[in-house]
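> please find the sequence and the predicted model below.
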Amino acid sequence: MARPEPAALVCPSCGTAHPLHERFCAACGMPLVHPGPRGADAVVTEAHARARKIKPQLSEGELVRVAGGRHQAEAELIQGMLLEEGVPSMLRRSRGFDVPDMLAAGPRDVLVPRSGVQTAREVLLQADLLPAPDGRSARARAGIDAPSRILLGLVAALVVVALIAWIGTELLV
């Protein structure tokens with residue numbers, strides 16, 4: 001029974017196939033490697049899947065803080081939202097917060113490259129995670145009252161009803 005021939009070596013730079021006894025590419029001098037799985041057989045790691053989502057035009061320039069999370073989980077949520085839009089980001093513990101690095105507690109800064117700042121801010125504005133340039137949140141712009149304003153209105157209505165009930169009992173007596 002014949003043994004199957006092992007795969008030939010290939011140059012990672014130019015892609016030229018070489019026999020197994022060669023160690024370096026004759027064309028460019030690069031060390032030869034065994035060919036890996038290609039196409040549908042290739043295993044895509046989580047890091048590769050994340051890297052494929054990043055838009056190269058949004059990954060240039062120095063890092064700029066665009067948002068902050070109250071803790072690591074919230075910052076990772078923001079980071080995931082940015083990644084879905086192709087904006088690469090990095091998390092950094094906020095300055096002045098004294099907690100060991102191994103803990104997830106404490107505020108985090110979300111940093112993006114300068115070329116992705118505008119896109120990141122648009123994404124965060126749509127998600128109501130940043131105030132608008134006029135200082136109002138998306139809820140306020142949509143005319144939705146904040147929960148504290150609703151509670152204040154309910155308390156005021158309760159006071160008016162109690163006053164009417166008290167006046168009614170005083171008139172009947």
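Nice, thanks for sending it over.

> what sits closest to the most centrally placed residue in the chain if chain neighbours are left out?
The chain has residue 79 as the residue nearest its centroid, 1.5 Å off, counting by Cα atoms, centre = their mean. Of all residues beyond its chain neighbours, the one nearest residue 79 is residue 89 (4.8 Å), with distances taken as Cβ to Cβ, 6 or more residues apart in numbering. C-beta here means a position set from N, CA and C on the backbone, and glycine is covered the same way.

> what is the subsequent helix or strand relative to the helix or strand of the chain with the lowest mean pLDDT?
The weakest-scoring helix or strand in the chain, judged by mean pLDDT, DSSP states H and E, is helix 138-142 (a mean of 54). The first helix or strand that comes after helix 138-142 along the chain, using DSSP states H and E, is helix 147-172.

> what's that following helix packed up against?
On a contact count with 3 or more Cβ pairs under 8 Å, 6 or more residues apart in numbering; DSSP states H and E, helix 147-172 meets no helix or strand.

> now the helices for this structure?
For the chain, helices defined by DSSP state H occupy the ranges 46-53, 72-84, 117-126, 138-142, 147-172.

> any idea which of these gets closest to residue 65?
Ranking the helices of the chain by distance to residue 65, with Cβ to Cβ as the measure, places helix 117-126 first at 9.5 Å.

> touching, residue 11 and residue 18? I think so.
Yes. Between residue 11 and residue 18 there is a contact at 7.0 Å, judged by Cβ atoms under 8 Å.
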